[in-house]
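**Q** below is the sequence, then the predicted model.
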Amino acid sequence: MAWHGSLSLAYRRDELRGAPRTVSHDRHDGPLRVLASLYPEGSAICHNVLVHPPGGLVGGDVLAIDITLDPDAHALVTTPGATRFYRSTGETATQRLHAALAGGARLEWLPLETIAYSGCLGENLMRFELAPGAEMIGWDLLALGLPASDQAFVRGRFTQQIELPGRWLERGVIDALDTRLLDSPLGWAGHRVMGTLWFAAGRSLTGARREALLAAAREVSEGDALQRTSGATAVHDGVIVLRVLAPRVEPAVALLTRVWAAWRREAWQLAATPPRVWRT
């Protein structure tokens, strides 16, 4: 039986005894839901963890996530574990995310990795709309198969899309039989994990700020074990992207986490406060 689930998350900025506070309101239909709002950094930044009790998606499943942030709200959204796309008997499993940020809002979209199991037919579609003055840091980690468990990605297809309308559109189809993509030095070069981290703004960044974010990413990457398979670039005046290829998830997560922390300090003068769920 296919699951059809939806989750709406809305954030607004309030005042609590004279201090700014980001308040969340959620509605869900189906298995996808959010845990209680957490404030490990104080009331201005709301941390939420998305939970999907079935543990993964199979053919025919559809999960839809809708996130809105009112002016000056700041939310960090993550997951307690990997999102798994399991083997399909013919139907496509789809996860769709749409986020809309008003001016002055900040979003950190930091889910743990997505695992595409051999034989899956999956889609992971993300769209972020940023009003002038809004900013976000987001990442995506895609792992093909479970090579450590001798479950290589030898069948199936996975479609990945990240869109910031008018600024950046990336859409890729990874087919297990496309060895030119997966094994060529111009493609995945034999790796089976790809990480993408981006900083995006609703208006063009100044040249100095753009160069500072690029320099921060490159400084963190220098000397890292994945230095030779990672790189940062400005794909638009308002979008900085770091890409990394890795043989396993853990070193990719470690690099992206360090760059996320560096960007937080550089762009927002905030120390990194990793969600507690990452350590459990």
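**A** Noted; the coordinates are in hand.

**Q** quick check: which ranges of the protein have low pLDDT?
**A** Residue ranges of the chain with pLDDT under 70: 1.

**Q** for it, longest strand please?
**A** Longest strand in the chain by number of residues (criterion: DSSP state E): strand 4-16.

**Q** what residues sit buried inside that one?
**A** For strand 4-16, burial by neighbour count (16 or more other CB atoms under 10 Å) applies to 5, 7-13. The way it works is simple: take the backbone N, C-alpha and C, and place the C-beta from them, glycine included.

**Q** also stretch 14-30?
**A** Those would be 21-22, 24, 26, 28, 30, for stretch 14-30 by 16+ other CB under 10 Å.

**Q** same question for stretch 28-41.
**A** For stretch 28-41, using 16+ other CB under 10 Å, the buried residues are 28, 30-34, 37.

**Q** in CSV, list the C-alpha atoms belonging to it.
**A** Extracted in CSV, the C-alpha atoms of stretch 28-41 (Å, rounded to 0.1, in the frame of the first residue of the first chain):
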residue,chain,number,x,y,z
HIS,A,28,0.3,16.9,8.8
ASP,A,29,-1.7,14.4,6.8
GLY,A,30,-0.2,10.9,6.8
PRO,A,31,3.0,9.6,8.4
LEU,A,32,5.3,12.5,8.1
ARG,A,33,5.4,14.8,11.1
VAL,A,34,7.6,17.1,13.2
LEU,A,35,8.9,16.8,16.7
ALA,A,36,8.5,19.5,19.3
SER,A,37,10.2,22.9,18.5
LEU,A,38,13.6,23.2,20.1
TYR,A,39,15.6,26.3,20.9
PRO,A,40,19.2,25.3,21.7
GLU,A,41,20.4,28.7,20.5
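
**Q** gap between that stretch and the chain center?
**A** 17 Å (CA atoms, centre = their mean, to the nearest Å).

**Q** roughly how far does the residue lying closest to Gly238 once chain neighbours are set aside sit from Ser37?
**A** Nearest non-adjacent residue to Gly238, counting by CB to CB, 6 or more residues apart in numbering: Ala201, 4.3 Å away. According to CB to CB, to the nearest Å, Ala201 and Ser37 sit 25 Å apart.

**Q** okay, now Ala189: neighbour count?
**A** By other CB atoms under 10 Å, 12 other residues sit near Ala189.

**Q** ignoring the adjacent residues along the chain, who's closest to it?
**A** Closest to Ala189 by CB to CB, 6+ apart is Leu245, at 6.1 Å.

**Q** surely that neighbour and Leu186 touch.
**A** No: proximity of Leu245 to Leu186 does not meet the contact threshold set by CB atoms under 8 Å, at 11.7 Å.
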